[in-house]
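Q: fold the following, please.
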Amino acid sequence: MPHDDSPPPPARRIRASDKDRDAVLGVITEAVSSGRLDPNETAERQDEAISAKFLDELIPLIEDLPEGHELLRALQRQTGQGGAPGTAVTRSGSNVPGPLADPGSASPMNSVAVLSGREVDVPPGTAAVTTYALMGGDDIDLCDVMGPGVTVELASYAMWAGHNIFVPPGVRIRDETINIMAGNEIRASAKGDGSNGILVLKGFSLMAGHDVRLAKGYRAKDQGQLE
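A: Down below sits the predicted model:
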């Protein structure tokens, strides 16, 4: 039988509404407040958003802004541009890490370490992790769960113990723990700007503390950074 080698028909473009344009302008405004865009970039993106006729023209204006993560996903679904899980398309066309699952889509996770410890890989979609440690501690890897727009709460209750917590670059860390003769160490190289999500540390430590550092594959070999 003869083969039909004709190219597939082009995807149908969807017209943007005033609501769509206003939503993108709102994301740009949030990004300006966070210091992500300079005045020239801001004016350029605002002009492009106002003049956009189709939804696919709005996507490049917010795809590198974590404030627009949810809106980006919605626009990609409407235009059929959703990429492989865990990736997002950037303004330059390259792929950058993204969350591998929707935040909160996985069950909360619990871990107990007593005079021991283990390697804990937090699965994608986990929004809450609770750990209990007595004279022990785990190696907790958060690389698969973090991503733009993701917030993970890690509540640890520790006595004479502590965890090693590994994060990818770009994660903002908020320490809300209560400590008595204890404290957490957050390595300078692990302090991100929030572009790859937010990690909230909660819980209580007595003569204990946790060490937050970049995951080994990303770890900078600066002075004072332990391997």
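Q: Gln46 is in contact with Asp22, isn't it?
A: No - contact between Gln46 and Asp22 fails when scored by C-beta atoms under 8 Å: they sit 11.4 Å apart. All C-beta spots, glycine's among them, are computed from the backbone N, C-alpha and C.
Q: tell me which residue is most central in the protein.
A: What sits nearest the mean C-alpha location of the chain, by C-alpha atoms, centre = their mean, is Gly147, with 2.0 Å.
Q: show the model's pLDDT score for that one.
A: Gly147 is assigned 88 on the pLDDT scale.
Q: could you list the domains of this protein?
A: Annotated domains of the chain cover 18-97, 109-214 [automatic domain parsing].
Q: in CSV, list those along with distance to Arg12.
A: Converted to CSV, the domains of the chain look like this (distance: least, C-beta to C-beta, whole Å):
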stretch, distance to Arg12
domain 18-97, 9
domain 109-214, 28
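Q: the ones you listed: lowest mean pLDDT?
A: The bottom spot among these, by mean pLDDT, belongs to domain 18-97, with a mean of 79.
Q: buried residues in stretch 29-44?
A: 31-32, 36-37 (16 or more other C-beta atoms under 10 Å).
Q: the helices in the chain, which residues?
A: 18-33, 39-51, 59-62, 69-79 (DSSP state H).
Q: nearest to Ala113, of those?
A: helix 69-79 (33.0 Å; C-beta to C-beta).
Q: helices or strands up against the closest one?
A: Secondary-structure packing of helix 69-79 (3 or more C-beta pairs under 8 Å, 6 or more residues apart in numbering; DSSP states H and E): helix 18-33, helix 59-62.
Q: pull out the buried positions in that helix.
A: 69, 71-73, 75-76, 79.
Q: now do stretch 158-175
A: 158-159, 161-173.
Q: now flag whichever of the buried residues of stretch 29-44 is closest to Gly183.
A: Arg36 (31.0 Å).
Q: distance check, the closest one against Arg45.
A: Distance, Arg36 to Arg45, by C-beta to C-beta, to the nearest Å: 11 Å.
Q: then Ile186?
A: 33 Å.
Q: same check, this time on Arg21
A: Arg21 is 12 Å from Arg45, by C-beta to C-beta.
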